[in-house]
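1. Here is a sequence with its predicted model. Questions after.
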Amino acid sequence: MTRRIAFSNLYFGALSSMVIAALTLGSGASLAQESKLVRAAEIDIAAGTVTLPLQQGQMAGGETVWYVLLDASERETADRLGINFSDKLSNAATGAAVREAVMSPEGTVVFDVGAVDFAPVRMVAPGPADAPFPPKHAQPGSVGDEDYTPLMRVDANGGTIFNAPVLAFDIDADALNRFCEADADHSLTHDKVVRICPRDGTVTMALTDGFAGGEVLRYVSTESNVALVAALEGATHAPRLGDVPADLSDSPWSAVEPIYVVINGDTGASAPARQGLTSALADGLPPLNITGDVPGLGRGYSPLWASHPVVWNEGTKRQLLTSETQVRSAAKRGTVHGFDGDDVRADGILVNCPVISRGN
């Protein structure tokens, strides 16, 4: 089982890496077509970025914590903050997947545990040209300690669970204000940070493109429970997220949402069914992952995405998959299968992917 999960990790991580590399190409959707789901966000589709309110907290030991709020498990709180409501996050308090925080008398969120080291240099060395994956070497650019998780619960908000990825740690505002206009230094910040500006209370991050329900989807991936995936995505390695079960799908006790990762769709920039990891590596274009629920449509949305690799059978005519329904229909017809030749299913990888917007 361990070997099978590691094999699929390589596919998913490399795929996500290619999405990030292709962001400058844009998605083709106009601002008028865009449905912004995080109301607190400002989206620049041409640049492939989102600007969000930057939050300042601290550790019990006094270290400064810079983070963003993107999802909450309680609807009224989510609406008030202009972030996503995710009912499923209420199921995430398994093991130590949620860390506790308190509100100081001054109104500052104080985290009890969970540090992030942003000093490591992200390194990804692909395989040979005819087989670029699996990579020869991959190292995350940021690593959480054994207690770090982006999920938190604050005493002043009862049982509400927040998705609060940390973007910089133990660094003062003046040092970060150098990156209000200039490119961020990723030895000090999360690799998805483009600009960070405590002076203005904002942070700009790179978006990832995919599909949901037949429409373009834009999200940010901030953590993974697997080091290799975190390295290839430019996310923080947060092994504590692994305390959340990844294989419960849409059961009443699930905290996750599936993400479908096409491995071997058609290649070639002009191919109508161009999609997947093979195309991402060969064409330098987004692989166009697929997920199911998004905020505001039903109660199935969660930012915690469970990887489901999708492999087209040899000799099968590919099609562009843009919805979970299409993936399931193809699996029922027997034209696609999972990473090991069996059913399309979760492979144990979790990625924190808060949805920002979707468009036509």
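-> Good, I have the coordinates.
2. Low-confidence regions, the stretch 201-350 of the chain specifically.
-> Where the stretch 201-350 of the chain drops to pLDDT under 70, the residues are 280-282, 284, 298.
3. where along it do the strands fall?
-> 202-206, 208-212, 215-219, 223-224, 236-237, 257-262, 289-291, 304-312, 336-337, 350-352 (DSSP state E, counting those that start in this stretch).
4. Which among the ones you listed is found nearest to Val193?
-> Evaluated over these, closeness to Val193 peaks at strand 202-206, with 5.8 Å, by Cβ to Cβ. From N, CA and C alone the C-beta is placed, and that goes for glycine too.
5. Take that closest one, keep the C-alpha atoms, and write them as CSV.
-> Extracted in CSV, the C-alpha atoms of strand 202-206 (Å, rounded to 0.1, in the frame of the first residue of the first chain):
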residue,chain,number,x,y,z
THR,A,202,-2.6,42.4,1.9
VAL,A,203,-0.9,39.4,0.3
THR,A,204,-1.0,38.3,-3.3
MET,A,205,-0.8,34.6,-4.2
ALA,A,206,-0.5,32.5,-7.4
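6. list the buried ones in that strand?
-> Thr202, Val203, Thr204, Met205, Ala206 (16 or more other Cβ atoms under 10 Å).
7. Which strand residues bridge Leu52?
-> Val203 (DSSP bridges).
8. on that earlier part again, most packed of the strands of the stretch 201-350 of the chain?
-> Highest mean neighbour count among these (mean count of other Cβ atoms under 10 Å): strand 223-224, with a mean of 32.
9. same for that strand, what does it pack against?
-> helix 227-233, strand 236-237, strand 350-352 (3 or more Cβ pairs under 8 Å, 6 or more residues apart in numbering; DSSP states H and E).
10. All the helices of the stretch 251-360 of the chain, residue numbers only.
-> Shown for the stretch 251-360 of the chain, the helices assigned by DSSP state H, counting those that start in this stretch span residues 277-283, 324-333.
11. actually the stretch 1-150 of the chain, not the one I typed
-> 2-21, 75-81.
12. Cys197 against Ala184, yeah?
-> No. Using Cβ atoms under 8 Å, Cys197 is not in contact with Ala184, being 9.7 Å away.
13. quick one, which of these two is more surrounded?
-> Counted by other Cβ atoms under 10 Å, Cys197 and Ala184 do not tie: Ala184 has more neighbours, with 24 against 19.
14. For the more buried one, which three-state class applies?
-> coil (DSSP: H, G, I helix; E, B strand; the rest coil).
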